[in-house]
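Q: Kindly return the folded structure for what I paste below:
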Amino acid sequence: MRVLCVGHVNWDVTLRVSSLPDPDGETSITDQSQAGGGSASNTAAGLVGLGVDTTLVGSVGDDESGLLALHELSRLGVNCDPILTVDGGETTVKYLVVDEDGQVMILANDGVNEAFTAEAVDDDHLQSADHLHLTGQDPETAATLADRGIAAGLSVSVDPGRRICDRDYSAAAARADYLFVNDRELNCATVDSLTDRARVTVCKRGNDGAELRGGETGSHPGYDIEPVDTAGAGDAFAAGFLAAVFDGRDSAAALAVGNACGALASRDIGARTDLSWGAIEQFQQDH
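A: Residues are numbered from 1 along each chain as shown. Model (predicted):
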């Protein structure tokens with residue numbers, strides 16, 4: 001399978017703290033690190049680790065953060081050729097504040113991660129792909145790309161992310177073979193009837209596992225782990241679930257793989273982890 005991943009390309013600064021501070025409070029930073037982030041980038045990196053040929057579309061600035069993000073993705077094997085570099089633009093940087101329980105608070109600058117438009121994906125990109133994965137981005141861009149992907153014969157998945165509560169993704173969801181949401185997002189998705197529009201909704205529940213609703217049903221209980229950092233766990237789940245579907249596995253097996261990938265990501269600091277089929281199989285044997 002060849003996947004076209006479209007969405008945010010960020011640079012992440014992760015700050016480990018003893019606890020998240022109260023308003024007007026203070027806490028100690030125990031560790032800090034930097035690495036690439038962004039939902040589309042994280043999913044693309046996970047797919048490549050699982051042997052899926054993946055091309056990424058997004059936008060970065062021509063600053064140091066953008067250069068670092070592109071270098072890291074290219075090193076991992078993601079095709080970054082279509083990524084737009086904005087002259088004089090500022091790459092979106094997100095500051096992930098992670099407490100000792102692995103819970104995450106995110107601070108971000110606006111940056112240029114939505115400077116790209118649907119026109120950034122030319123017909124050649126679509127014709128050379130088998131599947132289109134759309135993550136948090138301008139909803140109109142997502143809907144337009146979903147239409148073009150379907151017209152080109154691609155299957156489509158949509159993972160709107162935490163801004164699903166603030167933006168109208170109904171048009172994109174109506175075109176989705178798979179819509180990914182987590183527990184918090186599910187409440188908003190239900191209100192907006194997004195889950196009724198997608199063919200299948202994949203509900204990500206962290207340590208409580210995952211389930212399918214809509215055209216397919218099923219569930220997996222998840223894996224009991226102590227999370228270190230939950231940032232990017234949902235993106236790792238999506239990569240694992242999709243890679244398993246592409247590999248011909250049934251829904252139950254795909255949910256198990258997705259949960260394993262999310263758990264593996266939660267055990268590492270940062271929004272990405274090195275995913276591989278070997279690591280998944282070893283994790284499942286151990287749990």
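Q: where's the nearest residue to R213 once chain neighbours are set aside, which helix or strand?
A: Leaving out its chain neighbours, the residue that sits closest to R213 by C-beta to C-beta, 6 or more residues apart in numbering is T201, at 4.5 Å. C-beta: built from backbone N, CA, C; applies to glycine. According to DSSP states H and E, T201 maps onto strand 200-204.
Q: What is the distance between whichever helix or strand comes after that strand and the centre of its chain?
A: As assigned by DSSP H and E, the chain's next helix or strand after strand 200-204 is strand 210-214. Chain-centre distance of strand 210-214: 18 Å, with C-alpha atoms, centre = their mean, to the nearest Å.
Q: Identify each buried residue in the helix or strand just after strand 210-214, please.
A: The helix or strand immediately downstream of strand 210-214 is strand 218-220, counting by DSSP H and E. Buried residues in strand 218-220, counted by 16 or more other C-beta atoms under 10 Å: 219-220.
Q: now strand 218-220: mean pLDDT?
A: For strand 218-220, the mean pLDDT works out to 93.
Q: Ok, stretch 280-287 next?
A: Mean pLDDT, computed over stretch 280-287, is 93.
Q: May I have the helix ranked longest in the chain as CSV, with CA atoms only?
A: For the chain, the longest helix by residue count, based on DSSP state H, is helix 251-266. What follows is helix 251-266, C-alpha atoms only, in CSV (Å, rounded to 0.1, in the frame of the first residue of the first chain):
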residue,chain,number,x,y,z
SER,A,251,-10.9,-5.6,12.6
ALA,A,252,-10.1,-7.3,15.9
ALA,A,253,-6.5,-7.8,14.9
ALA,A,254,-6.3,-4.2,13.6
LEU,A,255,-7.5,-2.8,17.0
ALA,A,256,-5.0,-5.0,18.8
VAL,A,257,-2.2,-3.7,16.7
GLY,A,258,-3.4,-0.1,17.1
ASN,A,259,-3.5,-0.4,20.8
ALA,A,260,0.0,-2.0,20.9
CYS,A,261,1.3,1.0,18.9
GLY,A,262,-0.4,3.5,21.2
ALA,A,263,1.0,1.8,24.2
LEU,A,264,4.5,1.6,22.8
ALA,A,265,4.4,5.4,22.0
SER,A,266,3.1,6.1,25.6
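Q: Next, the residues that contact stretch 185-202 from outside, please.
A: If you take C-beta atoms under 8 Å, 6 or more residues apart in numbering as the criterion, stretch 185-202 is touched by 158, 160-162, 164-165, 168-170, 173-174, 176-181, 203, 210-216, 238, 241, 255, 258.
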